[in-house]
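# No sequence on hand, only this structure:
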């Protein structure tokens, strides 16, 4: 699949952690600082295309990144999603949500509800160095 | 939380499987026959509020329901999401997606793209008895 699939061809964002099975990338979304994806390296489409041990490994990393997001950004809610209708290469979206974000309380794929204040977004972006460090630290743990 | 939270107060759909930790419900959505939710029985908000063993148990059930959906409905893609911005009680959406569904290839929370033909929806609804049986069968397995 390497030629056609963009997640086979490219990292899909700024890689903040990688091992032989998966990678964690920071997504460059102006409205959602801290938006991360956990991307399975091999080209599979669905969770149930993976053997159970690999599903567990992937979800453990998703939870480690969730922990890092909660610790550093203290969001109102974490949104997790594996969709892949456009890019059917297994990847998880992790989106830290806030009451003042562009779509709250709707999913980020709905119509925007507001524009978040620039200083609020800047303050969240200022936490990205701490988030990168927290993701690397959590992903290095066994639990 | 039992008074305020609708997923503490009510099942949240037609229950097709239940154990002491979680339940699987069929969602009544005219555009998405087979839309299921896996709902944690206790009131917690995020995956990382659960101990790791319970996270695994929950995701194992999510994958079992995914297997049942793939087996019976043979969708183009499975969408999985844990959002909970409006109802912060841990639950997973499992949505079988088809090229002719109301939003494909966008998430179901985006603007509708089309109306699926009534006979196509009726044919999918006709598979719900088989889906109920497949969910019960998969959820009873150890793997």
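Alright, I've got the coordinates. All values derive from a computational prediction rather than experimental measurement.

# What residues of stretch A:132-142 count as buried?
By neighbour count on 16 or more other C-beta atoms under 10 Å in any protein chain shown, the buried set for stretch A:132-142 is A:132, A:134, A:135, A:138, A:139. (C-beta placed from N, C-alpha, C; glycine too.)

# So residue A:135: helix, strand or coil?
Secondary structure for residue A:135, judged by DSSP: H, G, I helix; E, B strand; the rest coil, is helix.

# now the residue nearest to it when sequence neighbours are not counted, what's its secondary structure?
Closest residue in space to residue A:135, ignoring its immediate chain neighbours: residue A:68 at 4.5 Å, by C-beta to C-beta, 6 or more residues apart in numbering or on different chains. Classification of residue A:68 using three-state DSSP returns helix.

# can you check residue A:94 too?
Recorded secondary structure, residue A:94: strand (three-state DSSP).

# hang on, it packs against residue A:32?
No: counting by C-beta atoms under 8 Å, residue A:94 stays clear of residue A:32, with 10.2 Å between them.

# picking up where we left off before, return the closest of the buried residues of stretch A:132-142 with respect to chain B.
Closest to chain B out of the buried residues of stretch A:132-142 is residue A:138 (10.0 Å), distances taken as C-beta to the nearest C-beta.

# Distance of the nearest residue to the closest one once chain neighbours are set aside relative to residue A:44?
The shortest distance from residue A:138 to any non-neighbouring residue, by C-beta to C-beta, 6+ apart, is to residue A:64 (4.0 Å). Going from residue A:64 to residue A:44 by C-beta to C-beta, to the nearest Å gives 21 Å.

# who has more neighbours, these two?
residue A:64 (22 against 15; other C-beta atoms under 10 Å in any protein chain shown).

# Quick one: residues in contact with the helix or strand where the more buried one lies.
Using DSSP states H and E, residue A:64 sits within helix A:52-73. Helix A:52-73 has contacts (C-beta atoms under 8 Å, 6 or more residues apart in numbering or on different chains) with A:17, A:21-22, A:24, A:33-34, A:36, A:38, A:40, A:47-48, A:50, A:75, A:78, A:80, A:90, A:92, A:94, A:96, A:124, A:127, A:130-131, A:134-135, A:137-139, A:141, A:143, B:46-48, B:52, B:55-56, B:59-60, B:63, B:143.

# from those, which ones fall inside strands?
Under the assignment DSSP state E, those contribute A:17, A:22, A:24, A:36, A:38, A:40, A:78, A:80, A:92, A:94, A:96 to strands.

# if we look at chain B, which of the residues you listed are close to it?
A:78, A:80 (C-beta under 8 Å from any C-beta of the partner chain).

# Which of the ones in strands among the contacts of helix A:52-73 sits closest to chain B?
residue A:80 (4.5 Å).

# need the contact list for that closest one.
Here residue A:80 is in contact with A:62, A:66, A:92, A:93, A:94, A:95, B:47, B:80, B:81, B:82, B:83 (C-beta under 8 Å, 6+ apart).

# can we see that at 7 Å?
Applying C-beta atoms under 7 Å, 6 or more residues apart in numbering or on different chains to residue A:80 gives the contacts A:62, A:92, A:93, A:94, B:47, B:81, B:82.

# Bridging across strands, which residues link to the fourth one?
Partner residues in beta bridges with residue A:94: residue A:36, residue A:80, with DSSP bridges as the criterion.

# My guess is it contacts residue A:34. True?
No: counting by C-beta atoms under 7 Å, residue A:94 stays clear of residue A:34, with 8.4 Å between them.

# ok, back up a step: among the ones in strands among the contacts of helix A:52-73, give me the pair with the biggest separation.
Using C-beta to C-beta, the ones in strands among the contacts of helix A:52-73 span at most 21.6 Å, a distance reached by A:40 and A:96.
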